[in-house]
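Asker: would you be able to build a 3D model of this:
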Amino acid sequence: MLVQRILTALLLIPLALAVMLLPPTWLFGVIVGLVFLAAQWEWTRLCGVRKRATRAAWLLLTLILLGVLWTLRTHPWAWTLGVAVGVLWWLTSLLWLRNYSFAAAPTRENALLKLLVGLLIFVPAWLALIGMHGQPHGPWWVLLAILIVWAADTGAYFSGRLFGKRKLAPRISPGKTWAGVYGALALGGAVSVVGGWLLHVRHPAALLGMLLLGVVTVAASILGDLIESLFKRQADIKDSGTLFPGHGGLLDRLDSVFAALPAFVIVKLLLGL
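Answerer: So this is what the prediction gives:
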């Protein structure tokens, strides 16, 4: 499994780098939007929606919403508000983690609730990406946000394997440990500081801000991972899909990113970075 994960990552990383760094913002937004819609398709399955026509209709609704928001992208208040709504959702999701069985029953009402939650997961993350990408040095800030998440995943994996004993959330994700959390925070924070330095954030106070940015981003990424694990357990599904050997589906690869991006953008704005 580890070899599969490494080989898949080696194939995906150059493609991801090209998408983040090469296209103009409008094309970047289109590409990311299509990827997020594909992840939304997997999400509808986790929500318990079986009919393909219903799932396709929900994707069409999401696409229309993205189109409307694209027309508002040049208004800073609209962009900031949309991203902030995402941060508010992720803070609220902590209550869902505490109430493990909430909305677990396979009812239409619960399925609709989870579909609406999907909008709060995907849309703010998309807004965070396109808004940040269009700013000065934006593609590099986008890359840094993604690198922090990748570093957190790597730090969590190896520190968890080496030192992991105390479980983080055994009912939700038995493989995650507190040692993994500490490894994720350490490596993600380090990448954030180094990335800030390379982006000419050189003042000591600003570098401390970069460390805080990295820590908050990593914490949000862990939360995103836990929420998807919770929904998969409620749906009795191991992986959201089989697109990537050793990695699962798109949603399995992007769950941390969806939560990390709004947090990254809002903290970056608050710190003036």
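
Asker: now do the helices in the stretch 1-150 of the chain.
Answerer: Secondary structure of the stretch 1-150 of the chain (DSSP state H, counting those that start in this stretch): helices located at 2-21, 25-46, 52-71, 76-98, 108-133, 138-163.

Asker: got the ones you listed as a markdown table, with distance to residue 207 columns?
Answerer: C-betas here are computed from N, CA, C, even on glycine. Conversion of the helices of the stretch 1-150 of the chain to a markdown table gives the following (distance: least, C-beta to C-beta, whole Å):
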| stretch | distance to residue 207 |
| --- | --- |
| helix 2-21 | 23 |
| helix 25-46 | 28 |
| helix 52-71 | 33 |
| helix 76-98 | 23 |
| helix 108-133 | 20 |
| helix 138-163 | 14 |
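
Asker: these: lowest mean pLDDT?
Answerer: Note on those: helix 2-21 shows the lowest mean pLDDT, a mean of 77.

Asker: next, count neighbours for residue 155.
Answerer: 23 (other C-beta atoms under 10 Å).

Asker: ok, it touching residue 189?
Answerer: No - the pair residue 155 / residue 189 is not scored as a contact, 9.4 Å apart, by C-beta atoms under 8 Å.

Asker: picking that back up, could you point out which of the helices of the stretch 1-150 of the chain sits nearest residue 233?
Answerer: Minimum separation from residue 233 across the helices of the stretch 1-150 of the chain (C-beta to C-beta) falls at helix 25-46, 10.0 Å.

Asker: which elements pack onto that closest one?
Answerer: If you count contacts as 3 or more C-beta pairs under 8 Å, 6 or more residues apart in numbering; DSSP states H and E, helix 25-46 packs onto helix 2-21, helix 52-71, helix 108-133, helix 204-235, helix 250-271.

Asker: 6 Å instead, please
Answerer: helix 52-71, helix 108-133, helix 250-271 (3 or more C-beta pairs under 6 Å, 6 or more residues apart in numbering; DSSP states H and E).

Asker: which of those sits most buried?
Answerer: Mean neighbour count (mean count of other C-beta atoms under 10 Å) peaks for helix 250-271 among those, with a mean of 24.

Asker: still on that earlier bit, got the helices and strands packed on helix 25-46 as JSON lines, with distance to residue 147 columns?
Answerer: Below are these laid out as JSON lines (distance: least, C-beta to C-beta, whole Å):
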{"stretch": "helix 52-71", "distance to residue 147": "25"}
{"stretch": "helix 108-133", "distance to residue 147": "14"}
{"stretch": "helix 250-271", "distance to residue 147": "11"}
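
Asker: among those, which comes closest to residue 42?
Answerer: Across these, closest to residue 42 is helix 250-271 (C-beta to C-beta), at 4.4 Å.

Asker: average pLDDT across the closest one?
Answerer: Throughout helix 250-271, pLDDT has a mean value of 92.
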